[in-house]
Every structure is written in C-alpha cells, then in structure tokens.
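J.: Sequence and predicted structure, then a few things I'm wondering about:
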Amino acid sequence: MDTLSQLAAIASPNHFIGGQRVASSEVFLDRSPIDGSVIAEVARGRELEADMAVAAAEVGFRTWSKFSKERRSETLLRLADLIDEHRDELAELETVDNGALLRSHRQGVMPRVAQNFRFFGQWLLGLDHPDFETRGHTNHVSWDPAGVCVLITPWNAPLMLATWKVAPALAAGNSVVLKPAEWSPLTASVLGDLTLEAGIPEGVFNVVQGFGSEVGAALVGDGRIARISFTGSVPTARAIARSAAENITPLSFELGGKSPTIIFGDADLDLAVDIAVEQFDNAGQVCLAGTRILVEEEIADLFIARLLQRTAGLRQGDPREMTTDIGPQIHGDHVVRIEGFLERAAHRGLTPAIGGGRNEDLGGWYFRPTIFVDPPSDCEIVQEEIFGPVLTVQRFHGEQTAIQLANSTKYGLAATVVTSSKERADRVAGEVVAGTVWVNCFYVRDLQAPFGGSKLSGVGREGGNWSFDFYCNLKTTVTSPKGW
Ligand code: NAD
C-alpha cells in the first residue's frame, strides 16, 4: 500500500448510518487527483441505502430534537474541539482526496470546519426574538427543529462546505443525511466517527456514499425529509428542484458563478494584481472565483503585463508541497471538460495569452493557469462557469460600462471591486447583482452575514439567523390575556 492509500485507509469507505458502518453490494473507485491512483473502493449506495439513512435519521431526530439547546450547544462545541485535535490528519486526507493545497487545508480550511460547529453551536444560544403584543395578546416566536435534512455537497471544498450545512442543521435540532460528492467522499466519513465521540446520538448524523443520479436522486425524492440544502451546479439544482416539487420540500441552493473582478483606473495596482492571481486558488475550482476580470482601459496594458508575469511565476505541483501554488484538477474527466471550453474558444479564433492546456510534466490532471485577453463578451469562456484555472481579461471605459459588463451573465454569486474611491465603490456595489461584493479584498466573510447567490447562483441565504430561518420550522404562538 502506498502512502496515498494508507492515508485514505483512515476513512472508512462505507456509509455511516445509524452510527454504524454499512457496506453496499457495489463499490466505486475513489482516485487521488495527485497522481490519479485509486485510493479507496467506496460503497455505492442506491435507493436501499437512501431509505435506510432517512429511517435512521428519523429515529435520531426523536432524541436530538429533545436535547435542550444548552446540551446541543455543548455537544457541538465538543465536536469543534475534536476537529481541531484532528486538524492535521483531516487536512492530509482532504488533500489526498481532492487535490487542494495542504497548506490551505491546514491553515484555513480545517480551522474553518471547526469554526462552523463552534459558531452555530454558540449562535443557537442567542437565538431569540422579542414577543409581539397585539390587543393584549402575546405573539411568541419559536424556532422549532424541522426534521430530517438532506444535505448534498460538491467536491471542491468537501468538508468545509458540508459542515457549513451540517452545523446549523444540527444546531437547530435536526438530524442529517449527508451525501458528499463521489470525487471526494472521505473526510465526511471521518466526521461520522467524530460526531459519535462528541456525544451526538446514533442516527442524528448519517453519511451515504454514491453517485448523485442514484443515491442523491433517491434522497431528494423522499417524502419523509423536511429540508434539502444543496451546493453544486445549476443543472443538478434543476433536477433536485423537480424532485422536491412533488413533496414541496423546502430548498436552499448555493450554485455556480461567473463573478466579475472590476479594477478601476484609480486602483492600487499591486493589490489588483494580487486579487487577480488569487482567482487561481484551488486550481480555479472555487464557486466565488472572480475569473471574469474587467479592467479600466487607462491601466489595462500595465495590469495585463503584470498579471501575465505573476502567472508565469506560479509553481504548479504536488499539493502536499508547501511551495506549491497550484495543484491538480479534481479528476481527469474534469480536465476534459475544461479542455472542451478551450477547444470551442479556439474555434472562435481565441488563443490564450498564457497557459492553455495540461501540464504534461506533472501527469494528466494538472492544467496550466490560463488567461485570455480581450475575448468578446458573448463568448462561452466569458459567459459560462469553467471551474478551472482560466481567467478572462476585458477592458472597459467608465463606470457604467463596468457595471453593465459585470451584470451581463446569468449568474450573481459574487463581485469584487478594486478602486481607491469610496464613493465609486459604494455606487458600484449598489448596482452589481451579487450575493457578496468585496471591495479591495477577496474571500473574507463573517459567518453571521448572509451568504448565497442571486439569479442562477442560488436560492436563499445561509449564515447566522438566515441558516436558522431555513433549518427551523418557525412558529408563532398567540396567547390571550384571558383565561389564566
Ligand atoms: P454537481 O452539481 O455535479 O454535484 C454536486 C453534488 O450533487 C454531488 O454530491 C453530486 O453527487 C450530487 N448530485 C448530482 N446529481 C444529483 C441528483 N440528480 N440528485 C441529487 N444529487 C445529485 O456539482 P459539482 O461538479 O460537484 O460542483 C461544482 C459546482 O458546485 C460548480 O457549479 C460550483 O460553482 C458549485 N459550487 C457552489 C458553491 C456555492 O456556495 N455557491 C460552492 C461550491 C461549489
């Protein structure tokens, strides 16, 4: 067994249902993006396993929803501490499984995973609302647990995105069935063990492994579930919404993006280049990435020259090396998908200024950071989410054109504005249609703030009270002053 599979072996490749490891009659192969080798044979769930997991979660719900909020909070804080204790092994496992940089997993991602539980575990205690009075009647608002929540997550930040949903769902008193992505199934499995160790009763947190079109589809069509929270692509969201419509199951969708990074002529050029280069993080596999760079004409040539120079200096390689800037893509199939965008761009006569294909020196799953300069607005590489290390740079004249270009795709997840004028930043932030706008920064966000997308980038918001709005059945109890 090589080191990659040794690490993968700390995670069970089986389902985690009712606190037990459950195998399936079939398996699928999990490959490491680092070298494409098989690191685990993972249980391939279908309707049977979806049914078992929802049934176990119904049992778990009966216990967990009766825990006092103080006890729920203490248990979630214990889970946060356990994640901190296991930070390094979770970071290494995630890197081997999804290929994102080990240093990011250690320093940023796994601390945030723990923080998800710590934040919602504490927020729960402050959840309150003053009573309303109507003609002497008291209107009391309560945040009741909703039931079994099905959470479906992608591969680009597996444990971070999963726990962003698991933590508030559990904090609200619900039970959970988590379906991680089939390209990065392993850390969800370790989370199962940690929930038991933290004192979360069996059946409250369940994980089913398998393909979206099989076990995922079975879960979202189940009439017993109370909520579906999904992070992933727009086509999958459409399929889930169709299934959920049958039972009118409430949905939360965090979907794709094609976010603009708008750089004005008065911007700090060093900062603008830093922010642009940051868009290659996680090999461009970040929903929020501002891959559509819009730069004001007066600084465009200088900015483009600096950006190309910085991009040429990025070190691509094994994501476990601390000096690596860009690791592999998640999967060979995903590389083929990215290549498809470039082939179609080539048919339109577009050639990248840098990059443009696989880094064959490193094996098939590494794609060179790529930049297209001055592509037309209506072309696919400007309009569609590539989800790889591919940036486009377009020039604009004046604020109104920048806003019009920024709003010219079907997405509305995020936008970044780089300018030294506060008034301009306020005006542009007000006009851009996006769930999050960053001004002279990128990626910073408080967990109390609402997070989500506009237009095709999502439905609903999560974070702080917005998460509890979604994961609770809000109830108003009106009491007459008479009769006591
Ligand atoms: P995807 O939609 O292919 O898969 C996401 C999850 O859905 C996987 O677990 C998959 O197995 C499951 N799934 C697929 N078909 C299903 C079905 N019919 N029923 C139920 N579940 C099904 O997305 P992906 O390729 O894994 O992830 C990339 C996408 O996710 C990108 O579009 C990216 O922008 C988006 N994303 C959005 C956010 C956000 O917060 N807005 C964060 C990360 C990723």
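T.: Arrived safely.
J.: Once you drop chain neighbours, what's closest to residue 261?
T.: Counting by CB to CB, 6 or more residues apart in numbering, residue 261 lies nearest to residue 290, which is 3.5 Å off, once chain neighbours are set aside. In short, each C-beta sits where N, CA and C put it, glycine included.
J.: Check that neighbour and give its pLDDT.
T.: Looking at residue 290, its pLDDT is 98.
J.: Just the CA trace of stretch 253-265, in PDB.
T.: Only the C-alpha atoms of stretch 253-265 are listed here, as PDB (Å, rounded to 0.1, in the frame of the first residue of the first chain):
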ATOM      1  CA  PHE A 253     -29.400  26.200  -3.300                       C
ATOM      2  CA  GLU A 254     -25.800  27.500  -3.400                       C
ATOM      3  CA  LEU A 255     -24.800  27.300  -7.100                       C
ATOM      4  CA  GLY A 256     -22.300  28.300  -9.600                       C
ATOM      5  CA  GLY A 257     -20.900  31.700 -10.500                       C
ATOM      6  CA  LYS A 258     -19.000  33.700 -13.100                       C
ATOM      7  CA  SER A 259     -18.100  36.500 -10.900                       C
ATOM      8  CA  PRO A 260     -16.500  39.800 -12.100                       C
ATOM      9  CA  THR A 261     -13.400  41.300 -10.600                       C
ATOM     10  CA  ILE A 262     -13.700  45.000 -11.600                       C
ATOM     11  CA  ILE A 263     -10.500  47.000 -11.500                       C
ATOM     12  CA  PHE A 264     -10.800  50.800 -11.900                       C
ATOM     13  CA  GLY A 265      -8.000  53.100 -13.200                       C
END
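J.: Surely the residue nearest to residue 261 and residue 413 touch.
T.: No - using CB atoms under 8 Å, residue 290 is not in contact with residue 413, being 9.6 Å away.
J.: any shared contact partners between these two?
T.: Common contacts of residue 290 and residue 413 (CB atoms under 8 Å, 6 or more residues apart in numbering): residue 259.
J.: immediately after whichever strand or helix holds residue 118, which helix or strand?
T.: Using DSSP states H and E, residue 118 maps to helix 110-126. Once the chain leaves helix 110-126, the next helix or strand it forms, by DSSP H and E, is strand 132-134.
J.: Can you tell me which helices and strands that following strand packs against?
T.: On a contact count with 3 or more CB pairs under 8 Å, 6 or more residues apart in numbering; DSSP states H and E, strand 132-134 meets strand 137-145.
J.: partner strands of the next helix or strand after the strand it packs on, parallel or antiparallel?
T.: Downstream of strand 137-145, the first helix or strand assigned by DSSP H and E is strand 148-152. Take DSSP bridges as the rule and strand 148-152 pairs in its sheet with strand 175-179 (parallel), strand 227-231 (parallel).
J.: which residues are in contact with stretch 327-341?
T.: 31, 33-34, 36, 98-101, 155-156, 183-184, 282-283, 285, 316-319, 357-358, 362-367, 380-381, 384, 386-388, 390.
J.: so who does the most centrally placed residue in the chain touch?
T.: In the chain, the centroid-proximal residue (CA atoms, centre = their mean) is residue 161; its distance is 4.2 Å. Contacts for residue 161 (CB under 8 Å, 6+ apart) come out as 153-154, 231, 254.
J.: that's a helix at it, yeah?
T.: Yes - judged by DSSP: H, G, I helix; E, B strand; the rest coil, residue 161 forms part of a helix.
J.: and the gap between it and the ligand?
T.: 6 Å (CB to the nearest ligand atom, to the nearest Å).
J.: do the same with residue 330
T.: Distance from residue 330 to the ligand, by CB to the nearest ligand atom: 8 Å.
J.: for stretch 242-258, how far is the first residue from the last?
T.: 24 Å (CA to CA, to the nearest Å).
J.: Please identify the residues of this protein in proximity to the ligand?
T.: Taking CB under 6 Å from any ligand atom as the measure of proximity, the chain contacts the ligand at 152-156, 161, 179, 181-182, 211-213, 216-217, 220, 231-233, 236, 239-240, 254-257, 287, 385, 387, 413, 453, 458.
J.: So residue 64 sits against residue 204, correct?
T.: Yes - applying CB under 8 Å, one finds residue 64 in contact with residue 204, separated by 4.5 Å.
J.: buried subset of the residues of the chain next to the ligand?
T.: 152-156, 161, 179, 181-182, 212, 216-217, 220, 231-233, 236, 239-240, 254-257, 287, 385, 387, 413, 453, 458 (16 or more other CB atoms under 10 Å).
J.: Show me the residues you listed that map onto strands.
T.: Here DSSP state E is the test, and these give 152, 179, 231, 254, 458 as lying in strands.
J.: And those residues, which two are furthest apart?
T.: 179 and 458 (18.4 Å; CB to CB).
J.: quick one: contacts for the residue of the chain found nearest the ligand?
T.: Here the chain gets closest to the ligand at one residue, residue 212, 2.1 Å apart by CB to the nearest ligand atom. Applying CB under 8 Å, 6+ apart to residue 212 gives the contacts 152, 179, 181-182, 236.
J.: Can you give me the domain assignment for the protein?
T.: 3-255+457-477, 260-439 (automatic domain parsing).
J.: Show me where the stretch 301-450 of the chain has its strands.
T.: Assigned by DSSP state E, counting those that start in this stretch, the stretch 301-450 of the chain shows strands spanning 370-373, 390-396, 411-412, 414-418, 436-439.
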